[in-house]
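> compute the structure for the input listed below.
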Amino acid sequence: MGRKLTRQDLREAAEKYKSWGRWGPQDEIGTLNYTRPEDIVAAARLVRKGKVISLALNFDNAGPQGAKSKYPALGRINPLHTMLRTGTDAYSGVLDHRGIRAADDMVVMPLQCGTQWDGLGHVFYENYMWNGYDCREVTSLGAQKCGIEKTKNKMVGRGVFLDVARALGKRWLDDGYAITCDDLDRTARAQKVEVRRGDYVIVRTGQMEAKLEAGSWDGYPGGDAPGFGFETLEWIKRTELAALASDTWGCEVRPNETEPGINQPWHWITIPLMGMTMGEIFYLKDLAEDCAADGVHEFLFVAPALPITGAVGSPTNPLAIK
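Take a look at the predicted model:
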């Protein structure tokens, strides 16, 4: 790692990459605007074999939240699944007032505890969120601007899978490895795939697979991790992607390339200043194996957020359809 990033570096990056007003003063979805109807039509034509690959972890108590980490969980827990009525109840004669023999259940969960989207109301730069909205627009009643429900007809388009770990000859990247712009370009060339405006780019570090193979999530939520280096802001700007996702807890490299007191600096720029929705905790093992087998690294990508009014993030079940 070279010189550590300072507050001044962040101020300069903020001015360089700020895209407020690009899609008008009322915009609340940012780079999702890059995907056009014709891009979705073209993406649908990528379906060749009718294979659907889920990029989601199951939402259950075996998820990554609550594992040992240097980073406080800040209230994030794994989903709590509770039965409201069961087959055991029905068998025992405990029926509802209509006499229906059935089961019902509910779940309590932080919206960013598993495979999920970071919405544009999630991270602020100083006192502002995407497009210059005041951070106080996110109140105790939710995000009055840039709520995740504004994206409910998005997250559909051409998916591009960049298996950086495989391109660098590794099962998984080392914790603390900062992915560079050159790494992303080299991976695309090696896979013979071109990233285009409006794409949904999914990047594999392999870290999740390392944790699953070890049988422990320790260190995953907020600990050291491979991820995007700060310089990849330039790659994001150049490619005009719709959204970016990875298989780590927080997408960017950890430890961060920063002086003490600056945490997740890449988030500070990508979300509130560039307007990029990002996906985290994506499960990529099955997709990686399929792409390696058939050599096809582009597909129809469908991963809508749940339209929870005023939410700043959302669980999702991303699908790669080939």
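> use CA for all of it now, contacts and neighbours both
OK.
> contacting residues for Pro221?
By CA atoms under 8 Å, 6 or more residues apart in numbering, the contact list for Pro221 reads 64-67, 69, 71, 73, 249-250.
> now a PyMOL select for only the buried ones of the residues you listed.
Restricted to buried positions by 16 or more other CA atoms under 10 Å, the PyMOL selection for the contacts of Pro221 reads:
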select buried, resi 64+65+66+67+69+249+250
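> for stretch 301-312, buried residues please.
By 16+ other CA under 10 Å, the buried positions in stretch 301-312 come out as 301-308, 310-312.
> export the residues you listed to CSV and tack on pLDDT?
Output for those, formatted as CSV (pLDDT from 0 to 100):
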residue, pLDDT
Phe301, 98
Val302, 98
Ala303, 98
Pro304, 97
Ala305, 98
Leu306, 98
Pro307, 98
Ile308, 98
Gly310, 98
Ala311, 98
Val312, 97
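> for the residues you listed, which one is nearest Gly121?
Nearest to Gly121 out of the buried residues of stretch 301-312 is Val312 (CA to CA; 4.9 Å).
> what strand or helix carries the residue nearest the centre of the chain?
Central residue of the chain (CA atoms, centre = their mean): Gly279, 0.8 Å from the mean position. If you go by DSSP states H and E, Gly279 is part of strand 277-280.
> could you dump that strand to CSV, C-alpha only?
Provided in CSV are the C-alpha atoms of strand 277-280 (Å, rounded to 0.1, in the frame of the first residue of the first chain):
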residue,chain,number,x,y,z
THR,A,277,-26.1,1.6,-5.9
MET,A,278,-23.9,-1.3,-4.9
GLY,A,279,-24.5,-4.9,-4.1
GLU,A,280,-22.7,-6.7,-1.2
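> what mean pLDDT does it get?
Mean pLDDT, strand 277-280: 97.
> C-terminal to that strand, what's the next element?
Using DSSP H and E, the helix or strand that follows strand 277-280 towards the C-terminus is helix 285-294.
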